[in-house]
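S.K.: Predicted model and sequence follow; I will ask about them next.
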Amino acid sequence: MTARHLHAAMLLAAAVPLAAATTAAVRTPTNTRLPSGPSRQHHSVEDPMVRNPVTWYIATPADGIIEMSRHAGTPVNLAANVGQVVDHPKPCTNLWFDESPFSYFRMVKCVGEALEDTGIWPITWPVRLWIVQPLGETGNWSQRYHPYRLLSRQIRVLEETDAHRALGTAGRDVLDVVQHQIPEQAVRWAADWDADPEGMRQREWNWAQCGGRACGNGRWAESVAMATSHARRESAAQTWIEHLARRAVDQALADTDASMYAYSYAYGRATGHAVAAQHQARFDAYVLDALRGTDLDSPTAVAA
């Protein structure tokens, strides 16, 4: 055997166990099970884009009726169908285009986006949040622009879950701020403004544009919060949080003679406090205090 032949034989001998090891590494596990069809009773389904189970959510008003179905004149009550399979009363015939506002059952896999495009107006609380299982053929308007949404003409209503989850991971804390803290503080915020409109206008401008050593400026903090909500798939949650905060101000000031500008100032303070609660575990004090506008409460605040 020549040296060249000997070298080739050695390479072949080394390649055989390597190939065997590679094959073993990529072999499909024997305990892997595929979905068995609509009869599965799991609280999650297989997302065609990933291997991990996915949970799908639908949000409704307090009565459990999908708001879009109510608008279409074919109300679907999820509360009355827990554990049941529900067919769309008038499904779209051209997949997957919207022939009406309620062409399909619309669901999301990012719970922080469950309140998007619900048709619920005015924005109020409480709502209800449902875990559903899409059955049959499913689709999407665009995996590129709506990767967390799914359309289906048939669902199984699995169970109701805590609605505060739709307001983000800190939903309980957000509700505490909206329901208890803002009503107590809104009257004081409005009174502060009306007591010294020019002084408060200057202080608000300083907060929004300048910031300081202890916290950033307000507009920057708001942009950080918005970008974080988008990255965390909580954009719909933040939109609702801001609306709920403004609604709390309206209720708190309803019996006062607060000026229009005082209302506007109180809206800004309330939304900042509520959004800070949404992101309290993600930001440090430099951002949170800017969102809350803590410098605006300081009687010694001066123009920058």
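M.R.: On my side now, so go ahead.
S.K.: where exactly do the strands run in the protein?
M.R.: 45-46, 53-54, 56-61, 85-87, 105-108, 127-134, 138-139, 149-152, 154-161 (DSSP state E).
S.K.: Quick one: closest of these to residue 185.
M.R.: Residue 185 lies closest to strand 127-134 among the strands of the chain, at 24.5 Å (Cβ to Cβ). (Glycine included, C-beta is placed from N, CA and C.)
S.K.: Next, count neighbours for the closest residue to residue 123 other than its chain neighbours.
M.R.: Nearest residue to residue 123, sequence neighbours excluded (Cβ to Cβ, 6 or more residues apart in numbering): residue 243, at 4.0 Å. Around residue 243 there are 19 other residues, counting by other Cβ atoms under 10 Å.
S.K.: Check residue 289 too.
M.R.: Per other Cβ under 10 Å, the neighbour tally for residue 289 reads 20.
S.K.: Tell me which residue lies nearest the centroid of this protein.
M.R.: Nearest to the geometric centre of the chain sits residue 112, at 1.8 Å (Cα atoms, centre = their mean).
S.K.: what's the spacing between it and residue 170?
M.R.: Computed as Cβ to Cβ, to the nearest Å, the residue 112 to residue 170 distance reads 11 Å.
S.K.: Also residue 130?
M.R.: The spacing between residue 130 and residue 170, counted by Cβ to Cβ, is 21 Å.
S.K.: Same check on residue 140?
M.R.: Using Cβ to Cβ, residue 140 is found at 29 Å from residue 170.
S.K.: In contact with residue 226, which residues?
M.R.: 235, 238 (Cβ atoms under 8 Å, 6 or more residues apart in numbering).
S.K.: going forward, begin numbering at 501 instead of 1
M.R.: OK, 501 is where the count begins now, so the last one is residue 726.
S.K.: avg pLDDT for stretch 670-683?
M.R.: Throughout stretch 670-683, pLDDT has a mean value of 98.
S.K.: And that stretch, what's buried?
M.R.: Within stretch 670-683, the residues scored as buried using 16 or more other Cβ atoms under 10 Å are 670-671, 673-675, 677-678, 681-682.
S.K.: quick one, helices of the stretch 651-800 of the chain?
M.R.: For the stretch 651-800 of the chain, the helices defined by DSSP state H, counting those that start in this stretch occupy 671-676, 682-695, 697-709, 718-731, 735-753, 760-778, 785-792.
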